[in-house]
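Participant: I would like the atomic coordinates for the input below:
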Amino acid sequence: MIDWSEKLSSVVQTLKPSGIRQFFDIVATRKDCISLGVGEPDFVTPQVVIDHSIQALRDGYTHYTGNSGFLSLRREIARYLEKEYRLSYNPEKEILITVGVSQGVDLAFRALLNPGDGVLYPEPCYVSYDPMIRLAGGVPQKVLATAENDFSLKAENISSVVHAGGVQSKALFLNYPSNPTGASIGADELRRIARLAEEQDLIVISDEIYGELSYESEHLPFATLPGMKERTLLLGGFSKAFAMTGWRIGYACGDENLIKSMTKIHQYSMLCAPTLGQIAAETALKYAIAERDKMRDEYRLRRDLIVKGFNDMGLKCFMPQGAFYVFPDIRSTGKNSMQFATELLEAQNVAVVPGTAFGDSGEGFIRCSYATARKEIEAALSKIAAFVGG
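Facilitator: Numbering: from 1, shown residues only. Predicted coordinates:
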């Protein structure tokens, strides 16, 4: 008999399964469950995107593209970033089309890291960052973004972790607006972080997939800050703002040397992003901006509804500046995050994600997505209030 513990990668064996997926394997077995869990828009992809994509299939667009993706899509992304943020990228050398932002993160870590290199990243955070760093041979360097600071990353907190434990910090990973908290980073703090990145010679990887879903002010990409474009890899995509999660299209923009290295890995591991998804993404940028804005406006209304609902029932809830998540504080109930989520599911058939799925610092919180209809949100809030009051 084969002893697989000796055969399988020791790094992979130490990775924990996704806390989100573990919990929703249970949720999937329950009938009529109200889910505030998975971070996916309830909207369908804009009709114009669907129509163009169906026609593309009929026209025979079922083959590979070049490794970097359709040049027409890269040009459209370059125009979009110039118009939205006054960011200029060469579509032939500085933009790579990826299989969602998740692949962009993976490629960036593998292209940058040598064994033992440190990567600074905020926590609470999306579940894949720490494992991806480890899989690329890097050392995760957790920087807490606490409730006391409205979950916003602070330069002073980053500074206290740089080179901690003798680890050579090579890169700083940012995600704002944030999953799971919806927190963003103010312009003054971003400038302080930029100064720190320059002082410490850090490469910055900025996951801004929720940038278009900013509610209080215009999104400020890190690469727009003075001196930061050359040291920043900007990651963006279509899943969230354009309701295109299943199309699996993202993009990476940065220095041509980094993009070239990422493309090397991409061509051997993935070859190219899905052809139909690329056509859909180009269509979205050309014809679906108004639909994007309508969805963002609806998310804002849902955000206000769910934040008020949690605060009214006595669970303190921070007002997120972007994305479509809230991260209410459940410590007053005397339950830990997993207890709260599990017991709520059993008692009221409402699914939320334990805060610990996003790191140990998420203990005492739950993540709820408001990417669902207001009627469902209202029903869920009523059931959660009954659970808390009971």
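Participant: for stretch 314-325, which positions count as buried?
Facilitator: 315, 317-318, 320-325 (16 or more other Cβ atoms under 10 Å). C-beta: built from backbone N, CA, C; applies to glycine.
Participant: right, I mislabeled it, should have said stretch 197-212
Facilitator: For stretch 197-212, by 16+ other Cβ under 10 Å, it's 197, 202-212.
Participant: just stretch 154-164 next, same as before
Facilitator: Buried, per 16+ other Cβ under 10 Å, within stretch 154-164: 154-155, 157-159, 161-162.
Participant: thought L271 was touching G69?
Facilitator: No: with contact defined as Cβ atoms under 8 Å, L271 does not count as touching G69 (11.0 Å).
Participant: Render the CA-only coordinates of the longest helix anywhere in the chain in PDB, please.
Facilitator: Taking DSSP state H as the criterion, the chain has its longest helix at helix 289-312. Output of helix 289-312 as PDB, limited to C-alpha atoms (Å, rounded to 0.1, in the frame of the first residue of the first chain):
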ATOM      1  CA  ILE A 289     -20.600  50.500 -18.300                       C
ATOM      2  CA  ALA A 290     -24.100  51.800 -17.600                       C
ATOM      3  CA  GLU A 291     -25.100  48.300 -16.400                       C
ATOM      4  CA  ARG A 292     -22.100  48.300 -14.100                       C
ATOM      5  CA  ASP A 293     -23.100  51.600 -12.600                       C
ATOM      6  CA  LYS A 294     -26.700  50.400 -12.100                       C
ATOM      7  CA  MET A 295     -25.500  47.400 -10.200                       C
ATOM      8  CA  ARG A 296     -23.200  49.500  -8.000                       C
ATOM      9  CA  ASP A 297     -26.100  51.800  -7.100                       C
ATOM     10  CA  GLU A 298     -28.200  48.800  -6.100                       C
ATOM     11  CA  TYR A 299     -25.400  47.400  -4.000                       C
ATOM     12  CA  ARG A 300     -25.200  50.800  -2.200                       C
ATOM     13  CA  LEU A 301     -28.800  50.600  -1.200                       C
ATOM     14  CA  ARG A 302     -28.400  47.000   0.000                       C
ATOM     15  CA  ARG A 303     -25.300  48.000   2.000                       C
ATOM     16  CA  ASP A 304     -27.200  50.700   3.800                       C
ATOM     17  CA  LEU A 305     -30.100  48.300   4.500                       C
ATOM     18  CA  ILE A 306     -27.900  45.500   6.000                       C
ATOM     19  CA  VAL A 307     -25.700  47.800   8.100                       C
ATOM     20  CA  LYS A 308     -28.700  49.400   9.700                       C
ATOM     21  CA  GLY A 309     -30.200  46.000  10.300                       C
ATOM     22  CA  PHE A 310     -27.200  44.700  12.200                       C
ATOM     23  CA  ASN A 311     -26.700  47.900  14.200                       C
ATOM     24  CA  ASP A 312     -30.400  47.900  15.100                       C
END
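Participant: What helices and strands are in contact with it?
Facilitator: On a contact count with 3 or more Cβ pairs under 8 Å, 6 or more residues apart in numbering; DSSP states H and E, helix 289-312 meets strand 325-326, helix 374-389.
Participant: Deepest-packed of the ones you listed, please.
Facilitator: Of these, the one with the most neighbours on average (mean count of other Cβ atoms under 10 Å) is strand 325-326, at a mean of 26.
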